[in-house]
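1. next one to model:
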Amino acid sequence: MIDKFFKNGLLDLILTESRLELRRIVFFSGLAGLSGAFIIVLVNQGAGMVAENESPVLEFFAFLLCVAFYSFFTKTINRENVISIQGMMYRFRLNIINLVLKSDLNLFNSVTKSEILAAISRDAQIVSQSVVILVSLIQSCTMLFFSLIYLAILSPVACAMTVIMGAIAFMFFTKNAKVAHAELRKSFEEENITFEYFGNLLNGFQELKMSSTKSRSFIEDLIFSAKKSRGLREHSLISISNHFVYVQIIFYLVVGMLVFVVPVLSSDFSSVVVKVATTSLFMVGSFQGVIQSLPSISQADISARQLLRLRSKLEDTWVPPPAATTNFANQIQNLTLENIAYHYADQEAFKGFNFGPANISFDAGKVYFIRGKNGSGKTTLVRVLLGLYEPSEGRILVDGIPIPQPTNASYRDLFSVVFSDFYLFKKLYGLVQAKIDQAQELIVMLRLEDKVSVLNAEFDTVSLSTGQRKRLALMVALLEDRPFVVLDEWAADQDPEFRKYFYEKLIPYIKGLGKTVIAITHDDKYYDVADEVITVQQGKLI
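-> Numbers count the residues shown, from 1 in each chain. Modelled structure (predicted):
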């Protein structure tokens, strides 16, 4: 029964992460269920002795012992499994994050950011919370199993009737639950779309505020998605809940048949009717516990499938980089792209566009400007250069040494980058204290001394204009002290005065540090600052 509900879902997730957790859950939950079954037996035995005016002293102490065992096993399993499952989900989240960090930019062609966020937040939380319910489910199943054995000892006819009616109730529930389960899965998929709308709301907040018609249209789509998800989930959960009523009715009918019908079929049933009725009532409670746990387990099953599917996608897109065997010299002399080409064959947005083949060499200590129209291939060139894209053809050489593909961290650590869609972290990650101590000097050079300062290895504020935050990103890039500084449309958000200062003062300063500057720019007014201007046109170098 458990395998039927957890197949390829919750059970698979627990099994793939740790078989020990599952064994511990089953073992202690089974002991708790067995203790509960013995409690039923002792209650019946004691009641029978009282009815015959006998003193059930031994049974009483045995009853207390079983209650103590039940309490101990239940507390143990709750504590152990909460710790183990939380640890499992902690490791799983870190594994997902690690796979994301190891992937290249093509990852987001097959996996959306909202899908990743939903998985490591909502789905992981649902799975971790399902453990208590899973323990209860196993306890109830164990108690049902041993109660059936006890019932068979009391009356084979009563046991057979209970099994048959229970099987009917179970098949009735599972048949109808399949439809509800499918709706629940659809609601999760729709909820991922809703999460994406929430992300768009936050990212496009200013644009929505500036257009009431756009805002109304966007909110209509968001509300439609949220309502659809809510409706699917409500309908599925209500459907499952309604089935509880039918199942409960079936089991109340079982109790009634045991009391009113079985005596007709079995002449010696009257002597055990009270014990059978008591046992069956306990079993009804256990069976209700099983049925009532299934909606939550069903949600956990879907969430587990989402997590496993996400991990599978990440593992499929990740190609292990070669071992870092190259030790780059302190001063790189030359970086060369030899017959480099990149194809967007599997991406509809770039279908038909190919970059290269291209040959270009970047010499140490020089300034290179890359120019070209939008969509010409400038960003593709830079992403291949940085190792964010693995070239479809050709090779990259550093001082004549070919770089294995996909590139590893030792190659990417040659570059400090400020992307056009940069993100500025408030904390200065990855910098030693000696470099952090130089931050204030650069802040003054970037004319931000009255806007921001560095305290305890982090900026006291990043609530600045885009241009000012870009200056801080440049400052971080310089503190990283790497041979190549790559800037993507850096000056586009600067005012004219600081733009001139950037080209005429900052770039010569960076060059004077011995850095190689590679900048995408449309500012033809300052092209004379560069040692070489590279023109990209329709994926070709001109």
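2. how near is Ala32 to Gly400?
-> Distance, Ala32 to Gly400, by C-beta to C-beta, to the nearest Å: 69 Å. Glycine gets a C-beta too; all of them are placed from N, C-alpha and C.
3. got it, and Arg471?
-> Taking C-beta to C-beta, one finds Arg471 at 36 Å from Gly400.
4. which one's more surrounded, Ala32 and Gly400?
-> Ala32 (26 against 8; other C-beta atoms under 10 Å).
5. so who does Thr162 touch?
-> 148, 151, 254, 258, 280, 283 (C-beta atoms under 8 Å, 6 or more residues apart in numbering).
6. and which of those is nearest Glu458?
-> Glu458 lies nearest to Met283 out of the contacts of Thr162, by C-beta to C-beta, at 60.8 Å.
7. hmm, the closest one is touching Cys141, no?
-> No. Assessed by C-beta atoms under 8 Å, Met283 is found out of contact with Cys141, at 11.4 Å.
8. higher neighbour count, the two?
-> Set Met283 next to Cys141 and count neighbours by other C-beta under 10 Å: Met283 wins out with 24 against 20.
9. once you drop chain neighbours, what's closest to the more buried one?
-> Leaving aside its sequence neighbours, Met283 sits nearest to Ser147 (C-beta to C-beta, 6 or more residues apart in numbering; 5.0 Å).
10. could I get the contacting residues of the one you found?
-> 37, 40, 279, 282-283, 286.
11. so which of these are in helices?
-> 37, 40, 279, 282-283, 286 (DSSP state H).
12. for those residues, which one is nearest Gly87?
-> Ser286 (29.6 Å).
13. right, and the closest one touches Phe146 too?
-> No. Using C-beta under 8 Å, Ser286 is not in contact with Phe146; the gap is 10.1 Å.
14. so between the two, which is more surrounded?
-> Just comparing Ser286 and Phe146: by other C-beta under 10 Å the higher neighbour count belongs to Ser286, 22 against 18.
15. for Phe459, see how far away Ser416 is.
-> 17 Å.
16. okay, these two: which has more neighbours?
-> Using other C-beta under 10 Å, the more surrounded residue of Ser416 and Phe459 is Phe459, with 24 against 21.
17. list the contacts of the more buried one.
-> Contacts of Phe459 (C-beta under 8 Å, 6+ apart): 426, 428, 452-453, 472.
18. now do 10 Å
-> Shown in contact with Phe459 (C-beta atoms under 10 Å, 6 or more residues apart in numbering): 424-428, 439, 443, 448, 451-453, 469, 472, 475-476.
19. secondary structure element for Gly375?
-> Per DSSP states H and E: Gly375 is located in neither a helix nor a strand.
20. got it, and the one 5 residues further on?
-> If you go by DSSP H and E, Thr380 is part of helix 378-386.
21. residues in contact with stretch 42-59?
-> Taking C-beta under 10 Å, 6+ apart as the rule, stretch 42-59 contacts 41, 60-67, 150, 154, 271-272, 274-279, 282.
22. mind saving the C-alpha coords of it as PDB?
-> Taking C-alpha atoms only, stretch 42-59 is exported to PDB below (Å, rounded to 0.1, in the frame of the first residue of the first chain):
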ATOM      1  CA  LEU A  42      -5.200  -6.100  27.000                       C
ATOM      2  CA  VAL A  43      -8.300  -3.900  27.200                       C
ATOM      3  CA  ASN A  44     -10.400  -6.700  25.800                       C
ATOM      4  CA  GLN A  45      -8.800  -9.200  28.100                       C
ATOM      5  CA  GLY A  46      -9.200  -7.100  31.100                       C
ATOM      6  CA  ALA A  47     -12.900  -6.200  30.300                       C
ATOM      7  CA  GLY A  48     -13.600 -10.000  29.900                       C
ATOM      8  CA  MET A  49     -12.100 -10.800  33.300                       C
ATOM      9  CA  VAL A  50     -14.100  -8.000  35.000                       C
ATOM     10  CA  ALA A  51     -17.300  -9.300  33.400                       C
ATOM     11  CA  GLU A  52     -16.500 -12.700  35.000                       C
ATOM     12  CA  ASN A  53     -15.700 -11.000  38.400                       C
ATOM     13  CA  GLU A  54     -12.000 -11.800  38.100                       C
ATOM     14  CA  SER A  55      -9.300  -9.300  39.100                       C
ATOM     15  CA  PRO A  56      -7.200  -8.300  36.000                       C
ATOM     16  CA  VAL A  57      -4.100  -7.200  38.000                       C
ATOM     17  CA  LEU A  58      -1.500  -8.700  35.700                       C
ATOM     18  CA  GLU A  59      -3.300  -7.400  32.600                       C
END
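23. quick one: mean pLDDT for it?
-> Stretch 42-59 shows a mean pLDDT of 76.
24. what sits against the residue lying closest to Leu314 once chain neighbours are set aside?
-> Excluding its sequence neighbours, the residue lying closest to Leu314 (C-beta to C-beta, 6+ apart) is Leu99, at 3.9 Å. Leu99 sits next to 107, 111, 116, 310-311, 313-315, 317-318 when contact means C-beta under 10 Å, 6+ apart.
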